[in-house]
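Peer 1: return a 3D structure for these sequence lines:
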Amino acid sequence: MPIIRTPDERFADLPDFPFAPRYVEIGGIRIHYVDEGRGELVLCLHGEPTWSYLYRKVIPILAKRYRVIAMDFVGFGRSDKFAEQGGHSLQAHFDLLSGFIDSLALDRITLAAHEWGAVVGLRLAAERPERFARLVIMNSMLPTGDVPMPFMFTIWKQFVEFAQDLPIGRVIRMGMAHGSSISEKVSAAYEAPFPDASYKAGPVALPLILPVRPDDPGGAEMRRVREALSRWDKPALVLFSDEDPLFSRESQFFRTLVPSAKAQPEIVVRNAGHFLLEEKGEEIAGHIIDFMNRTPIL
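Peer 2: Here you go, the predicted model:
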C-alpha cells in the first residue's frame, strides 16, 4: 500500500501548538505523537477528521500534573498516510494503536478519547484491560452492526462518500455549536495535514468502514467490546456535549452500558457541538483532572 507523508513546512507556525513532534515507527509506518509533562499517563485520541491539534487546549493544563500523550492516527496529522482508502480498516487502526502502546511501553493509561478515537481505543481497552486504569469517553458511539446508526451519522457518511475533496476546515466549523468563532488560522491548522485531496484517504475512509450490518468487517469485534464494557469495573467518565448533531444521545447509552460510569457525576458540556474539545477544551481538562482526583490509582 503506497504511503505518503505531509511536508513538515505545512506544520510551521500553527497557532497555540508549540509541542515538539515525536515519532515512532510501527510496521514501516511513521506515527506522530505529542508527549508532554510527567506523572500518571493520559492518552489522548482524536476523532475524524481531526488530529492531535484538537487537544491543544487540554494538553498544557493536564501536563502540569500528568504525562500527556496525544497520538495522530495513520492518515491524520503528522503521521504517515495511506495513499488509498483500502489501507484503512478497523483492524489496521487497532493494530497500529496496539503497537503504539507497546512501542512506548505505556501502562496504567487513562484513556481520553473522542469519537473515532474512542471506537478504536475502547476496543483496545476491552481486549487489553491490564494496560488501562480509567476511561474518558467523549462524543462517540459503538458501531456494532446490529444497532441502527444515528440518522445524522448516515447523512454525514453520504456527504463524505460523494465529496470530491472533503473540506476539512468547513467540516470542523459545521460540527461546532459556534463554528463562526473559529479563526482562519485555526481552520488552516486543521487543514494542514492535507495539502490536497490525495492526502485525504483517511478522513474519507473512516466513516465508510464502520460496520452497519452484523456481518460487516469489525462488527463481531465491536460486539465483543460492548460485552466487555458491560462488565467494566475500572473508573469511567462519560463526557458529552449538548449540541452534537451526531452523538449527543449516545451519552446515555454509555452511561447505561458501563457500570462504573454510573458512579461518576453526569456531566454535560454545555454550548458545545461535536468537536467539544475545540470549543470547551479548558473546561474538559478540568473535568478530567477532577475525575482523576476522585479515582486515585491504588
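
Peer 1: can we go C-alpha only for contacts and neighbour counts from here?
Peer 2: Fine.

Peer 1: dig out what Ile109 forms beta bridges with.
Peer 2: Per DSSP bridges, the residues bridged to Ile109 are Leu41, Phe132.

Peer 1: which SS class is the closest residue in space to Ala192 that isn't next to it in sequence?
Peer 2: Of all residues not flanking Ala192 in the chain, Arg10 sits nearest, at 5.5 Å (CA to CA, 6 or more residues apart in numbering). Recorded secondary structure, Arg10: helix (DSSP: H, G, I helix; E, B strand; the rest coil).

Peer 1: in contact with Arg10, which residues?
Peer 2: Contacts for Arg10 (CA atoms under 8 Å, 6 or more residues apart in numbering) come out as 192-193, 195.

Peer 1: which one (most neighbours) among those?
Peer 2: Pro193 (26 neighbours; other CA atoms under 10 Å).

Peer 1: wasn't that residue part of a helix?
Peer 2: No. Per three-state DSSP, Pro193 lies outside any helix segment and is coil.

Peer 1: report the secondary structure state of Tyr239.
Peer 2: Careful, residue 239 is Leu and not Tyr. Applying three-state DSSP: Leu239 is strand.

Peer 1: not counting sequence-adjacent ones, nearest residue to it?
Peer 2: Nearest to Leu239 is Met138, by CA to CA, 6+ apart, at 5.0 Å.

Peer 1: distance of that neighbour from Thr144?
Peer 2: 18 Å (CA to CA, to the nearest Å).

Peer 1: who's more crowded, those two?
Peer 2: Met138 (30 against 25).

Peer 1: got a list of what that one touches?
Peer 2: For Met138, counting by CA under 8 Å, 6+ apart, the contacting residues are 112-115, 118, 238-240.

Peer 1: what sits up against the helix-or-strand element of the chain with minimal mean pLDDT?
Peer 2: Every helix and strand of the chain was ranked by mean pLDDT, DSSP states H and E. The lowest is helix 151-162, at a mean of 88. Helix 151-162 has contacts (CA under 8 Å, 6+ apart) with 166, 204, 207-208, 245-246.

Peer 1: and stretch 103-114, average pLDDT?
Peer 2: In this model, stretch 103-114 carries a mean pLDDT of 98.

Peer 1: over to stretch 39-52?
Peer 2: Mean per-residue pLDDT for stretch 39-52: 98.

Peer 1: any stretches of the chain with poor pLDDT?
Peer 2: Along the chain, no part satisfies pLDDT under 70.

Peer 1: now the strands for it?
Peer 2: 3-4, 22-26, 29-36, 41-45, 67-71, 81-82, 109-114, 132-138, 236-241, 267-269 (DSSP state E).

Peer 1: got CSV for the ones you listed, with distance to Glu282 too?
Peer 2: Listed next are the strands of the chain as CSV, based on distance: least, CA to CA, whole Å:
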stretch, distance to Glu282
strand 3-4, 34
strand 22-26, 24
strand 29-36, 16
strand 41-45, 14
strand 67-71, 15
strand 81-82, 30
strand 109-114, 14
strand 132-138, 15
strand 236-241, 13
strand 267-269, 11
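
Peer 1: let me know which of those strands is the nearest to Asp290.
Peer 2: Taking CA to CA, strand 236-241 is the member of these nearest to Asp290, at 10.6 Å.

Peer 1: so what secondary structure elements neighbour that closest one?
Peer 2: strand 132-138, helix 250-257, strand 267-269, helix 276-294 (3 or more CA pairs under 8 Å, 6 or more residues apart in numbering; DSSP states H and E).

Peer 1: let's go with 10 Å and repeat that
Peer 2: Secondary-structure packing of strand 236-241 (3 or more CA pairs under 10 Å, 6 or more residues apart in numbering; DSSP states H and E): strand 109-114, strand 132-138, helix 250-257, strand 267-269, helix 276-294.

Peer 1: ok, and for that strand, which residues are buried?
Peer 2: 236-241 (16 or more other CA atoms under 10 Å).
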